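> What would the 3D arrangement of this be:
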Amino acid sequence: MIVRATARELCAAAAALGSFLTIVAVPIRAQKAAAEEPRTDMQWGVKIPMRDGVRLNATIFAADEQKKPQPVIFTFTPYIGDSYTDRAVYFAKHGYVYALVDVRGRGNSGGEFEPFANEGRDGYDVVEWLAKQPYCNGKVTMWGGSYAGFDQWTVLKEFPPHLATIVPAAAAHPGVDFPFQYNIFGPYDMQWLTFTSGVTGNSNLFGASSFWASKAREMYMAHSAFQSYDQVVGNPSAVFQKWVAHPVPDAYYDAMAPSPEQYKKISLPILTITGDYDGDQPGALTYYKRHMQYGTAEAKAKHYLIIGPWDHAGTRTPKAEVGGLQFGAASVLDLNKLHTEWYDWTMKGGRKPEFLSKRVAYYLVGADEWRYADSLESVTNATKTFYLSSNGAAGDVFHSGALSENKAEGGAPGDSWIYDPLDTRPGAAEPEDDPNYLTSQRA
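Now for the predicted structure:
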């Protein structure tokens, strides 16, 4: 039994009934807070038309009985919009309309999914459709990281007139950090493609790490060509085969990201977020550096960068621990709050977020504090030159050379290493996945 009563009535009831009654007191303040909590309304199964007739599926959240049009935020995702319902509700309660939009060919959206290939054009159409809705005041923005961070850059390069700002977190960059890095593919490609195969969510299969580790080892021990890996895992993939047919950065990948000419045209404010242990840090910083290289002075002044001590997921939901490393309380930013402050500043004429005192914010490990710089290059003014040296025995993974600040005198002995792709003994040194692979010093 649950009884709501005054403190005096609760004491009297307890005295009279002893242990036969369980009483839960709900403080008046808590009741009042619950009553004041903003409520949200939802539109499920909204269909957004694309220029080629395909319709994308959206779920739209807004404050209950919204009185006037507001800016619209949307997440554009292959991971099924339902994954981000908590974010949508949060921003709907903080003065925004939020649309969860499944990309082409995923969830309840029509068309066929080809990763990274269609989101630019489709995203343009989503922005312009949302801008025309009665609940929108003509300003549209985006939220998200990883693939949804890439989405923001690929939509921006199409320059939809009503896109007001972007906040890309951990943005993957095709041809830089996915589906290969330094022109080297990895088994994760098929794990991700299986995650996004079909139209429904496959999160449990994606997270079955022992299965994926066993399949990678199976391929390795059998000396199989990487091109056959989709067959090895049991999911033949036309996309995978297209990727391996484009093994280096080329026009196929270039078409997915802004060109130098497009960087020059960017004028809206941007907030880039990445982490020290973010697997897509190379991509996120490539977008940032190319904008710094090609953008106008006015546009670059409106581009802010945050680098936290986070892993990939932490660029949206920071935690104080990564791979066994512990960081201080200051590292755990409330990024929902910071996003809201950024959106308020760029789309509602609010104050600039206090956290962004300069254009670059970075967390200093050990000091548990955030520091600031005017540019990425000015984070440190100190440089050192190191020289690679060896005693002539750095010929395998267990024996290495050294980096020294002093240049070796005379003729140092040379090292040689024979690569034999049929020699699988190095794999025996790693019998299982390292749970702290992000911070591991294992050879």
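> tell me which residues in stretch 74-92 are buried?
Neighbour-count burial for stretch 74-92 flags 74-81, 84, 87-92 (criterion: 16 or more other CB atoms under 10 Å). Any C-beta I mention is one placed from the backbone N, CA and C, and that applies to glycine too.
> can you give me the end-to-end distance of that stretch?
Taking CA to CA, to the nearest Å, stretch 74-92 runs 11 Å from one end to the other.
> Equivalent analysis for stretch 191-209, please.
This stretch, stretch 191-209, spans 9 Å end to end (CA to CA).
> what sits up against it?
Identification of contacts with stretch 191-209 by CB atoms under 8 Å, 6 or more residues apart in numbering yields 78-80, 82-83, 105-108, 113, 115, 211-212, 230, 233, 235, 237, 239-240, 433.
> okay, now Asp250: neighbour count?
Around Asp250 there are 10 other residues, counting by other CB atoms under 10 Å.
> excluding its backbone neighbours, what's nearest it?
Closest residue in space to Asp250, ignoring its immediate chain neighbours: Gly175 at 7.5 Å, by CB to CB, 6 or more residues apart in numbering.
> I figured the one you found hits Pro249, correct?
Yes. Using CB atoms under 8 Å, Gly175 is in contact with Pro249, at 3.8 Å.
> Between these two, which has more neighbouring residues?
Higher neighbour count among Gly175 and Pro249: Gly175, with 23 against 15, using other CB under 10 Å.
> residues touching that one, list them.
Counting by CB under 8 Å, 6+ apart, Gly175 touches Pro249, Asp250, Tyr253, Asp254, Met256, Ala257.
> same thing with Ile60?
By CB under 8 Å, 6+ apart, the contact set of Ile60 is Met42, Gln43, Val46, Val97, Tyr98, Ala99, Leu100, Tyr135.
> Which ones among those map onto strands?
Counting by DSSP state E, the part of those found in strands is Met42, Gln43, Val46, Val97, Tyr98, Ala99, Leu100.
> hmm, back to that, which among the contacts of Ile60 end up buried?
In the contacts of Ile60, burial by neighbour count holds for Val46, Val97, Tyr98, Ala99, Leu100, Tyr135, counting by 16+ other CB under 10 Å.
> Bridged to the nearest residue to the last one once chain neighbours are set aside, which residues?
Closest residue to Tyr135 apart from its sequence neighbours, by CB to CB, 6+ apart: Val97 at 5.1 Å. Judged by DSSP bridges, the bridge partners of Val97 are Val72.
> pretty sure Val97 contacts Gln66?
Yes. Between Val97 and Gln66 a contact is recorded at 7.4 Å, counting by CB under 8 Å.
> Now for those two: what residues contact both?
Joint contacts of Val97 and Gln66 (CB under 8 Å, 6+ apart) are Tyr135.
> Report the two of the buried residues of stretch 74-92 separated the most.
Farthest apart among the buried residues of stretch 74-92 by CB to CB are Pro78 and Ala92. That separation is 22.6 Å.
> What's the local residue count around Ile73?
Using other CB under 10 Å, Ile73 has 27 other residues around it.
> which residues sit in contact with the closest residue to Asp368 other than its chain neighbours?
The shortest distance from Asp368 to any non-neighbouring residue, by CB to CB, 6+ apart, is to Gly328 (2.8 Å). For Gly328, the contact set (CB under 8 Å, 6+ apart) comprises Ala320, Asp368, Glu369.
> Reformat those into JSON lines and put secondary structure next to each item.
Converted to JSON lines, the contacts of Gly328 look like this (DSSP: H, G, I helix; E, B strand; the rest coil):
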{"residue": "Ala320", "secondary structure": "coil"}
{"residue": "Asp368", "secondary structure": "coil"}
{"residue": "Glu369", "secondary structure": "strand"}
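> what's the closest of those residues to Thr383?
When the contacts of Gly328 are compared for distance to Thr383 (CB to CB), Glu369 wins out at 23.4 Å.
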